[in-house]
Every structure is written in structure tokens, then in C-alpha cells.
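**Student:** Here you go, sequence then predicted model.
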Amino acid sequence: MTAKTAEKTAAKTTEKGKTIDAVWSGTWVAERLGVRLEEAGDPGSPRLDELLGLALRRNPKRAHLLVSQVLGKHVPQSPRAVYAAGHGLGERVRALLGDEAAAVVVLGYAETATGLGHCVADGLGAAPYLHSTRRPVPGVEPAGGFEEAHSHATSHLLLPQDPKLLAGSGPLVLVDDEFSTGNTVLNTIRDLHARHPRAHYVVVALVDMRSPADRERLTAFAAEIGARVDLIALASGTVHLPEGVLAKGQALVEEYEREGAGAAGAPAPGVSDEAPAAAAAAAAPVGRVVLDWPAGVPDGGRHGFTPEHRARLEAALPALARQLADALGAEPGRVLVLGNEELMYAPLRLARALEESGAAAEVRFSTTTRSPVLAVDDPGYAIRSRIVFPAHDHPADGPGDRYAYNVAGAGFDTVVAVADTHGDTGALHAPDGLLARLAPHAGRVLLALVPSYTPDVSSGVSSDRREPIMPEPILSEPILPEPILSAPILSEPLRGPAFSSYAPEDCGWLLQDLSDAALEAPTEEREEAIQAGGAHYAESLPVEYQPSPQYQELYRSALTASAARIARAVGTVTETVLAERSPSPVLVSLARAGTPVGVLMRRWARARHGLDLPHYAVSIVRGRGIDPNALRWLAAHHDPADIVFVDGWTGKGAITRELAAALEAHRDAGGPDFNPEIVVLADPGSCVSTYGTREDFLIPSACLNSTVSGLISRTVLRSDLVGPADFHGAKFYRELAGADVSTGFIDTVAARFDEVAEAVGAEVKELLAADRTPTWEGWAAVERISEEYGIHDVNLVKPGVGETTRVLLRRVPWKILAQRGAGADLDHVRLLAEQRGVPVEEVDGLPYTCVGLIHPRFTRGATGADGKAVTSK
């Protein structure tokens, strides 16, 4: 079957055994929100509405969801069509590469593209395949990650059995279901190219939905790394989003989630599943078959899948189809083969073999997922029903809901739920588990098990768990198995006085204590290491700056002069949060600049409202994102809707963007939604909408390092110290207790709360009625300065008093730009510049009080947007 046939198949739908012309499954969303798909592909390409439907989800950035008709994830589809779509794309890649195809490696993204990537590799012929995974495997060292360069975050691990798999110089093919902005793919290429440069990359997706600007960005990126980057997709276009569509979409989701199930156009049957007792009364029998999977052949590409594996699986598929057909019996009727999250390829091949055998009247294929989507029972909506059940494979990020879409109400006679033996746990067989949830929606449910594949890293050979964990057959009241692999137990927050000089109730640190590790290096030495070896800045620490008596006096003077100003900003941002975000927020500060602000906000809420707000500090690392294990801990202990991320100030907004991207990646990986809108004490760059002030003035806590931040170091993320289930690390500098002013800073500012309360009330009233939309004018100024001073890299321009202070304390600065006539706010900057021999240049028209410049021509190294070295030519 060709890819063109697959495209035609996608334009049909099947309802209760009849194939009919489909109402476009994006009609419901298009009519209510004005969203439309605009074609941009060749005339011979399939139409976007043949490949995509539309649905809605609760998401602070994008309410709409593009739902593929040929991916085999949300929409049950002919396995022949699903396989042909990916295989056909692989054939196109092979034609593009020509002789280069002999050296190609294919890489797929979890969870949605694990099966698609495998099909693309099949279409290429002799290509080895690897997909990212969220399942850490004890003893298997991660080779990298996708969203977060060099990360061991369990959201996207790379766990190849052969560490040389990604080390070649041949073409690398990266496969995702949808290419929208291109950020994830570009970050992946940047990460892998830094370690193993290649001359050619090919990006493959079912649909290419990039904007013209994103297309230009890919072209510029390819030129930047000196490589060819091609893109192949079944169709291309853009999504037209009317003004205000996000707010309208969010309101629509809230409205339909509040309504009850039942009528057409209302939330679909199966959204709120039957109670276990009610489900059991109508339950279909559950059978079980342990498939004779070929020994040594992986169940997917989690650890790599070689051409030899492919040949052995192809030879075994006819017998596997016969075994499955025998288990189904003589008249299975309409059959759905249901894969499980990342486990897509094995169930797809089983479904396709069953379909080709003719053992069932009709076979369809889809897969469960982590992603929550609104279900609406309307023919013009892509997600018509939703079955909810708990995760059953001991996920590394803890327990959570999982979903099967468009199964309830679809009229399947038999559902074959395919799982690996790792997922054959008590949760799968529980009264509220997947099998019990499926039973009311089919005449029969059959569990088909394939052995979990785990590389034996000590011997270099593989092992697969072939023995079933539970006795066969299972008819009723099964004996629940013991867990195969316990989910990592995340530590409780660290608290003072054992870790930090803050009171224990003031802050819980979602970090691990690395106080005994030798991590410090002189500033120039760190820059050299970053430049020479591609080291990340978060892998070491600068030597803690010990201020001179003159500098300490400057700090005390600055605090005395600005304490009321800071208290007013603290009150303003806290009251705004209470009014707009949550009456009982959970403050989560970005360690460590945000932590004193988080402590002060907590103190304000207690002093003015009697609230005892939880406050935690978490790590965020430029180029690697926020600590995903900290997010998992927060989601397990608090409502994500109440989480408010806090930082000290904005410069050009890099961390603001980093946080938004990291939370989007976490959500797309199946994590809960966190609001990415950060709140800050000062927003001189106009990068956020919730702030205490937009003035660029000296915040005394920016003058010092650990001695004003609870004696805690910057956070550390290094693979030999931070494992997949660990929090990021930091050091507690107990030896600096004699110089610590952390509590004194908090107490001095808090003492001024009463005198600024009236002014705060008036200011908050004005702010709540004002247009506070970020203008990002600071970013524009940084770009201009970067060009005017011949730097040509915005990452080497550090705007604002706080960032300039950091440059002078931690980096190898080139020069300081100061707003002409700036007064006492810059006294400490002038003193530090004098001590380090750095010129201070007064300029006109500067939107910040000052700007610090780093130039690689002088430092021989500076960290860029990904935390790595940036060189100038």
C-alpha cells in the first residue's frame, strides 16, 4: 500500500462497521473559534483536512490541538494506512539521500512519534532506529536528551544500547508527528551536532505547519552550523488563529468540562468513566495471551532497533498474527488493537499482520497517551470520547492519569490491549485500570503481552523479560503482581538550618545537597573550560566573591536607602498575585535570585493577610530548562493551577522564555499544565505582566551571592552528580555564616511593610486596571546594543543593574554601559568595575540604568543561550 493510499484512507471514517465520507473533524472547533488550516503544499500533496482534525485542551499557550488521522495515536485507523504513511515518508528520504542512505540513523520523538519514526526507518530499508523515552532503565547510561541539551531529565532520555549509534558522521533523520515552530528539532540538532557533527540532517513529519519566520529560522540555523538540513512532510501549511482565540478556547474548555455528558455536542460518553462497580456489572470478559515474540528482538526502538532486528521481526510476524487470531477465536468482529504510550510499533505491526491475515472483519489501531484533551461527542470534532485510567508502568515521574480516545462508543467488538511485561502490573488489572475501563465498551477485551527488552550493559547483550508476571488464564479476581520497578521516590525539600540559613518555614529547597563536592573554579578557568570543551556553565561553580569592607558598606547603604522601595514592590507583586492568580498561591522561586523575593512575598502575605503560603525554591538552567523532578514533586503535592513561579528581576527576558519553553515541553511530554507567567520584583525589560515595578533600580540582594541567598550556591546540573530521578544540586556554604546577611535583608525590608501598605493599595488598584502587556522593549534594546558594539550575540549583553552586577561578580566583563546621570544606584557597579579594571562608559538613550557587556574576543569564552561557549569571528 502506498502513502497516497494512506492519505485517501485518512479521508474516510468508520462508524459501527460502515465506511462513510467523513465530516471534517475540525469543523466544530473551526466554527466556534475561527481556526482554519491554510494550505501551502504542492498541488499533488494531500489536503490538510485529510490528515488533521481539531480538538481543544486546557493549555495556557495553545488551546487548540492538531489531531492526526494517520498517526495511530488519538484516532483509530487502519493499520495499513498508519504504516504506509510513515513507510512512504521513509522511501522519500531514501530517494533524497541516494548513496548517503547507507550510513543513515533515524531518531524518533516520544511519545507520539515512536511508531512513526520506526515506520520511516523501515521505509529507508537498512537504517538503525532509536527513539527517545521517558522510562529510565537502571544501569543504562543516558546519551543525551531532546528538550534539554545534555539533560538526564526523564521527559526525553536517549538510551541506546550501542553508545556509538549516534557517533557516526552519516545523515541523521529526525522524526516527529508535527513540525510547528521547529524549536524542539533545532535544539536536538544543536545538541547532537556539538558532540558529533554531521554534514546532513533530514527532518521528517506528517505535517509541516511552520510560519514563514520559522522557515527562515531553519535556513539560518543550517547556515550557522554549516550543515544541510532538509525537511520532508506529507503536507504543509499554517494554522490561522484569530485574535483572542486562546482566551476563547480556554473559556470553551472550561464551559464544556463543567457540563454533564450525554447530548450530541456535549462532553462525550466515557469522559467521566463509570464507577468500578457499575463497570464490572457490564464488563466484557478479559482474556490474555503471552505472544511468542522472537527472542532478543526489542519491543521497540527505546534502546535501538537494527536492520537485523527488523529482518527477524518480519519473519516472525505471520506466526504472531496466527497466535493472536487463535486467541481471538472464530468471529472477533471489529477489532481495535490498542498500543500503550511509547509502545506503538510492536502493536502496529501486530495489527497490520492481523489485518492482512483476514482473521477479523475489520482491524483498527490506536494508542493510549498521557495527554489530556477535551472530548466532545460531535462528528465534526476529532476527539469524540475519552477513557481515563491510571498509569500502570511505574512511570519515573510518578502516578498520573492516562487516556484512550475514540474507543468508547466506537462499536468495537473486541479490543486487544497490547502491553509489555514491564507494564503488566496490578494497576493494569485493578478495578479502575485500563482493562476494566475498556470492558464496558467492547464485547471482549484481550491483553496481549510482549516481553520488555532491557540491554544487559555489563555483557553487551540483551535480555528480555519473557515470563508472564501473572498466572494464565485470568478470568476474574486476578492475583495482582508485585511491581517490577518501583517509581523513583523523590526526596522531601531541604530546609534550614540543615540546608540554608533561612528559617525552615520560609523556604523548602527542591534540590540535593552537593556541599561535599569540589565544584568551584576561578572565573577565567571556567570560561576556558566552557570555550575549549563545550562544557556547560551549570557543571561547575564560580568561586564565591568575598566582598571588601568598602563593598559591604555600599551594600548596607543601598539597603538602608532602598528598603522601603523594595517593600513597596514586594507588596505590589504579592497583592497582584493574590488578586489575579490565586487566593492561596504556592510560591516557587527560581533559585537563587528569586528566592529572597519568594521569602519576602511569603512574609507580606502573612503580615497583611494572615496567610501561610508554601514557598519552594527550584533550579532552572539556561539551555536545559527547569528541573523536571521538581515539577513532578510539586504536581504530586499541590494543585499545578496554584503554582506561581517567582524571580528577582528581568533583564532581557531569557529566563522568562526558558521557563515558558520548559513548561511547554513538560506538558507536551504528558506532564500537568503549569502557568508559565513568571512574576518578578522588577521588570525593567517589560518581559512579564505581573511585577512590583518596572523601574531599573538597585535591588541589594543582587549585590551579593550566597550571603544574601541563604548561603546557597548557584544550582548545579552535572551527569555524574545528578541522576535521572534526582533534583538538581547546590551547595550550602556553612563556612560563610559569619558574613551572612540573608535574614537581615529579609527583616530590614519586612520592617517597612506597614509604612508602604497604603501606597501599595493605590498602586495595585491602578495596575489591575492597566494594560500590562509585555512590550519586550528590553530585548529590542539588547539587540541594538549587540550590533552597535560589534558583539553580534545578544547572550553576551546583560542589561539592568542586577545582571550587570552578576557580570562583574561572576564573569570576565568587557565594559559597562551606564545611563548618563545615573546616581547612587550604580555606586556598587562603579566600585566593582574599578576593582576589576573594567571601563564604565556613560551613554544616552539607554532604557536600563546600566548594561554589562561580555566579549569573547577578550574572555576567550562566554556562555550563550544554550549555556555553552559562544565564539566571535
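**Tutor:** Received the coordinates, thanks.

**Student:** which stretches of the stretch 1-150 of the chain form helices?
**Tutor:** Taking DSSP state H, counting those that start in this stretch to define them, one finds helices in the stretch 1-150 of the chain at 3-10, 27-33, 48-51, 79-97, 114-124.

**Student:** And the pLDDT at Pro347?
**Tutor:** Looking at Pro347, its pLDDT reads 97.

**Student:** before we move on, what about the one 3 residues further on?
**Tutor:** Looking at Leu350, its pLDDT is 97.

**Student:** I'd like to know how many residues surround it.
**Tutor:** Residues near Leu350, counting by other C-beta atoms under 10 Å, number 26. For glycine as for every other residue, the C-beta is placed from the backbone atoms N, C-alpha and C.

**Student:** give me the element it is part of.
**Tutor:** According to DSSP states H and E, Leu350 maps onto helix 345-357.

**Student:** Return the set of buried residues in that helix.
**Tutor:** Tyr345, Ala346, Pro347, Leu348, Arg349, Leu350, Ala351, Arg352, Ala353, Leu354, Glu355 (16 or more other C-beta atoms under 10 Å).

**Student:** could you point out which element follows it?
**Tutor:** Next along from helix 345-357, by DSSP H and E: strand 362-368.

**Student:** where's the closest residue to Trp604 other than its chain neighbours, which helix or strand?
**Tutor:** With sequence-adjacent residues excluded and distances taken as C-beta to C-beta, 6 or more residues apart in numbering, Trp604 is closest to Thr574, at 4.5 Å. Assessed by DSSP H and E, Thr574 sits inside helix 549-580.

**Student:** Which other helices and strands does that helix contact?
**Tutor:** Other helices and strands packing on helix 549-580, by 3 or more C-beta pairs under 8 Å, 6 or more residues apart in numbering; DSSP states H and E, are helix 595-609, strand 679-682, strand 690-693, helix 742-750, helix 753-769, helix 827-836.

**Student:** in that helix, what's buried?
**Tutor:** Buried, per 16+ other C-beta under 10 Å, within helix 549-580: 551-552, 554-555, 558-559, 562-578.

**Student:** go on, stretch 360-373?
**Tutor:** Going by 16+ other C-beta under 10 Å, stretch 360-373 has these buried residues: 360, 362-373.

**Student:** Show me the two of these that sit farthest apart.
**Tutor:** Ala360 and Pro372 (30.8 Å; C-beta to C-beta).

**Student:** got a markdown table for the helices of the stretch 1-150 of the chain, with mean pLDDT and distance to Cys507 too?
**Tutor:** Putting these into a markdown table (pLDDT from 0 to 100; distance: least, C-beta to C-beta, whole Å) gives the following:
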| stretch | mean pLDDT | distance to Cys507 |
| --- | --- | --- |
| helix 3-10 | 40 | 53 |
| helix 27-33 | 94 | 42 |
| helix 48-51 | 92 | 49 |
| helix 79-97 | 96 | 49 |
| helix 114-124 | 96 | 40 |
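
**Student:** With respect to burial, which of these scores highest?
**Tutor:** Ranked by mean neighbour count, the helices of the stretch 1-150 of the chain are led by helix 114-124 with a mean of 29 (mean count of other C-beta atoms under 10 Å).

**Student:** could I get it in CSV with only the CA atoms?
**Tutor:** Taking C-alpha atoms only, helix 114-124 is exported to CSV below (Å, rounded to 0.1, in the frame of the first residue of the first chain):
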residue,chain,number,x,y,z
THR,A,114,7.9,6.4,18.3
GLY,A,115,5.9,4.3,15.9
LEU,A,116,6.1,6.8,13.1
GLY,A,117,9.9,7.1,13.3
HIS,A,118,10.1,3.3,13.2
CYS,A,119,8.0,3.2,10.1
VAL,A,120,10.2,5.8,8.5
ALA,A,121,13.3,3.7,9.3
ASP,A,122,11.5,0.7,7.7
GLY,A,123,10.9,2.8,4.6
LEU,A,124,14.6,3.6,4.4
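
**Student:** what angle do it and helix 79-97 make?
**Tutor:** Inter-element angle recorded for helix 114-124 and helix 79-97: 50 degrees (by axes from the mean of the first three to the mean of the last three C-alpha atoms, to 10 degrees).

**Student:** now helix 114-124 against helix 345-357, angle please.
**Tutor:** 60 degrees.

**Student:** host element of the most centrally placed residue in the chain?
**Tutor:** Nearest to the geometric centre of the chain sits Ala665, at 1.9 Å (C-alpha atoms, centre = their mean). If you go by DSSP H and E, Ala665 is part of helix 654-668.

**Student:** for that helix, packing partners?
**Tutor:** So helix 654-668, by 3+ C-beta pairs under 8 Å, 6+ apart, packs with strand 620-621, strand 625-626, helix 628-637, strand 643-649.

**Student:** For Gly333, which non-adjacent residue is spatially closest?
**Tutor:** Asp413 is the one closest to Gly333 (C-beta to C-beta, 6+ apart), at 2.9 Å.

**Student:** wait, the residue nearest to the centre of the chain sits on Thr184?
**Tutor:** Yes: counting by C-beta atoms under 8 Å, Ala665 does reach Thr184; the two are 7.2 Å apart.

**Student:** what residue ranges in the stretch 201-350 of the chain are flagged as low confidence?
**Tutor:** 259-284 (pLDDT under 70).

**Student:** hey, where'd the helices end up in it?
**Tutor:** Along the stretch 201-350 of the chain, counting by DSSP H, counting those that start in this stretch, helices occupy 212-225, 245-258, 276-281, 307-328, 345-357.

**Student:** among those helices, which is the most enclosed?
**Tutor:** Most buried among those, counting by mean count of other C-beta under 10 Å: helix 345-357, with a mean of 24.

**Student:** what angle separates the longest strand belonging to the chain from helix 212-225?
**Tutor:** What stands out as the longest strand in the chain, according to DSSP state E, is strand 228-240. Counting by the same axes, to 10 degrees, strand 228-240 points 160 degrees away from the direction of helix 212-225.

**Student:** shift numbering so it begins at 657
**Tutor:** Shifting the count to begin at 657 puts that one at strand 884-896.

**Student:** need the strands for the stretch 1107-1256 of the chain, in chain order.
**Tutor:** 1108-1112, 1117-1121, 1164-1165, 1168-1169, 1176-1177, 1197-1198, 1242-1246 (DSSP state E, counting those that start in this stretch).

**Student:** that older thread, for the buried residues of helix 1001-1013, could you give me CSV that also reports distance to Met1257?
**Tutor:** Output for those, formatted as CSV (distance: C-beta to C-beta, whole Å):
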residue, distance to Met1257
Tyr1001, 48
Ala1002, 50
Pro1003, 49
Leu1004, 50
Arg1005, 54
Leu1006, 54
Ala1007, 53
Arg1008, 56
Ala1009, 59
Leu1010, 59
Glu1011, 59
